[in-house]
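Enquirer: Here is my input; please provide its structure:
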Amino acid sequence: MNAVQLKLQQLADPRFNNVTFSKSASIYEKGGIWQIDGRVYHGTTFEKVRKSTRKKATVANKKWIEKNFETILWDLCDYKKEIDEKLNEGKIQKKTLFSVFAQGVLDRKFVTVDDEEYGVSKHTMHDYNKKFNKYILPFLESYFIEDIDIDLVQEWQQWVLSKKYQTGKEMNHRYSDKKTLSIKMLKNIRIVLNMILKEAVIKRLITINPLTVIKVPAKSKKGRKPVSYLTLEDIKTIMDGLDNFTADVTRAMDSRIRKQFKNIFLFMIGSGLRSGEVIGLQWNDIDFENETVSVNRRIRDGDIDKPKTASSIRTIPILKEAMDALIEQKEISGSDTWVFTNRYYTEYSSAGQIDWMYKKVLKYVGLPEGRLYNLRHTFATNLIHSEIETITTVSGLLGHNDSTVTQNTYISNVVKSNNIKGRSIFG
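Expert: You can find the predicted model right below:
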């Protein structure tokens, strides 16, 4: 953070006092010291500042003065002294820049993986910061938190929805068209802004959180995509093709890795774990006697940290195929620590490496392209549609914070409960 930005955080913020500056300032030498000559505008008047900077007349100092002339003019002007006196006497109420307040909230939200009060993981915090810097800060940066109101936030939301971006997969295609953000993405961005505004209400900087009033535009149900999952026929097709895929030595991957993928596939459709949680599994997380798995960590982009949310830390029973896959995996893992390992017998750095293989398998057996995450959907859909578990139980197995998320994603009614331990994917 440079000197100008630091000054904008101080009590006598020039923008707070409706202050502007001349476009440039004259810098000249007198007695071996750089002098500055410029103007500070406030209201309908201006003040001419012609004073010493107290900086020696060196080339380096001149470059610094040229870069920071606004800060220097503000520090040297008489108007700032008047403002400082009023602030000290409590005659002027200080305001806080939105950018400064918001970053403070985000910094406090971050909780290290060793903290007992588990809050937001490092990867989630990184995602929050990306959304904040790309979709929130550019619009609200110059405002004060005390000035955030319903009209301004409504204007911000319209701005976000009107802009076009290249995101995710499209960024890899040179000639792809930019697209407006989806409603789902808007909701995710609002989560970040909502954290900031809730804190502002608690600190009594604003009286109401505008996001509690401003609703997300309704999404057309007609255009809503159904959750993608594998049918039992799809699973059987993959299972039948996996043995041939594994034996096909022409594939550009080593034999053990191909054999291991079959175990990963069966484990994922029999446990419902997120892909990052799967590659984060260690052997001490597996209870073979009770046929349960404890989820204590995940790996994303090379980072090993706690799972997505507090509710994601869980111990769950798994289906028969998943347990059989772990028993088989024990023989080929090659590691005393990690359950699923890369070609060097160490942990995967990203689930993308497995997702790539999953796409190869789908193509090999003649099924449409899909994502590795669909195996998690397959697990949940299978349990719910076959009435093995209730929505609430499936929500706990998936590590969802709220069973509403599970219900909205997979089904519209609650079904009866049974125990999944020892059951098969095929009934």
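
Enquirer: ranges for the strands of this protein?
Expert: In the chain, the segments counted as strands under DSSP state E are 19-21, 26-30, 33-42, 45-56, 164-165, 179-180, 286-287, 292-295, 298-300, 303-305, 314-317.

Enquirer: Mind listing the strands the third one pairs with, and their directions?
Expert: In the sheet containing strand 33-42, its partner strands are strand 19-21 (antiparallel), strand 26-30 (antiparallel), strand 45-56 (antiparallel), by DSSP bridges.

Enquirer: Return the most buried member of those strands.
Expert: strand 19-21 (a mean of 18; mean count of other CB atoms under 10 Å). Backbone N, C-alpha and C define where each C-beta goes, glycine included.

Enquirer: Please enumerate residues in contact with that strand?
Expert: Pro14, Gly38, Arg39, Val40, Tyr41, His42, Phe69, Glu70, Leu73, Trp74, Tyr79 (CB atoms under 8 Å, 6 or more residues apart in numbering).

Enquirer: So for that strand, mean pLDDT?
Expert: Averaged across strand 19-21, pLDDT comes to 82.

Enquirer: same question, stretch 370-386
Expert: Averaging pLDDT along stretch 370-386 gives 78.

Enquirer: for stretch 289-308, same thing?
Expert: 87.

Enquirer: try stretch 154-162
Expert: 90.

Enquirer: quick one: contacts of that stretch?
Expert: 135-136, 139-140, 180-181, 186, 189-190, 193, 210, 214, 217.

Enquirer: Least confident secondary structure element in this protein?
Expert: None of the helices or strands of the chain scores lower by mean pLDDT, DSSP states H and E than helix 3-7, at a mean of 44.

Enquirer: picking up where we left off before, could you identify the most distant pair in the contacts of stretch 154-162?
Expert: Thr180 and Pro210 (21.9 Å; CB to CB).

Enquirer: Please say which of those two ends up with more neighbours.
Expert: Each of Thr180 and Pro210 has its neighbours counted (other CB atoms under 10 Å); Pro210 has more, 20 against 12.

Enquirer: Assess the claim that that one and Asp149 are in contact.
Expert: Yes - using CB atoms under 8 Å, Pro210 is in contact with Asp149, at 6.3 Å.

Enquirer: how deep is Asn188 tucked in, by neighbour count?
Expert: For Asn188, the neighbour count with other CB under 10 Å is 15.

Enquirer: cool, the one 5 residues further on as well?
Expert: The criterion is other CB under 10 Å. On that basis, Leu193 has 23 neighbouring residues.

Enquirer: roughly how far out does stretch 271-278 sit from the chain middle?
Expert: Stretch 271-278 sits 18 Å away from the centroid of its parent chain (CA atoms, centre = their mean, to the nearest Å).

Enquirer: cool, stretch 303-312 as well?
Expert: 13 Å.

Enquirer: likewise stretch 138-154?
Expert: 22 Å.

Enquirer: next one: stretch 337-354
Expert: 23 Å.

Enquirer: do stretch 122-135 as well
Expert: Distance of stretch 122-135 from the chain centroid (CA atoms, centre = their mean) equals 5 Å.

Enquirer: For that stretch, which residues meet the burial criterion?
Expert: Lys122, His123, Thr124, Met125, Tyr128, Asn129, Lys131, Phe132, Tyr135 (16 or more other CB atoms under 10 Å).

Enquirer: from the residues you listed, which ones fall inside helices?
Expert: Lys122, His123, Thr124, Met125, Tyr128, Asn129, Lys131 (DSSP state H).

Enquirer: How is the chain partitioned into domains?
Expert: Domain assignment for the chain by automatic domain parsing gives 3-88, 98-217, 232-410.

Enquirer: Pick the most deeply packed of those.
Expert: domain 232-410 (a mean of 18).

Enquirer: residues contacting the nearest residue to Leu266 once chain neighbours are set aside?
Expert: Leaving aside its chain neighbours, Leu266 sits nearest to Ala325 (3.9 Å; criterion: CB to CB, 6 or more residues apart in numbering). Listed by CB under 8 Å, 6+ apart, the contact set of Ala325 reads Lys262, Asn263, Ile264, Phe265, Leu266, Phe267, Gly270.

Enquirer: again, only using 6 Å
Expert: Asn263, Leu266, Phe267 (CB atoms under 6 Å, 6 or more residues apart in numbering).

Enquirer: Return the closest of those residues with respect to Gly241.
Expert: Taking CB to CB as the measure, Leu266 is the one of these closest to Gly241, at 13.7 Å.

Enquirer: pLDDT averaged over the longest helix seen in the chain, what's the number?
Expert: Ranked by residue count and defined by DSSP H, the top helix of the chain is helix 183-202. In this model, helix 183-202 has a mean pLDDT of 92.

Enquirer: what does that helix rub up against?
Expert: With contact meaning CB under 6 Å, 6+ apart, helix 183-202 is reached by 102, 105, 128, 131-132, 135-136, 145, 206, 209, 211, 216, 219.

Enquirer: where does the stretch 201-350 of the chain have low pLDDT?
Expert: 219-227, 247-253 (pLDDT under 70).

Enquirer: got the residue ranges for the helices in it?
Expert: 232-247, 255-269, 275-279, 320-332 (DSSP state H, counting those that start in this stretch).

Enquirer: relative to helix 232-247, how tilted is the last one?
Expert: On the basis of axes from the mean of the first three to the mean of the last three CA atoms, to 10 degrees, helix 320-332 is oriented at 10 degrees to helix 232-247.
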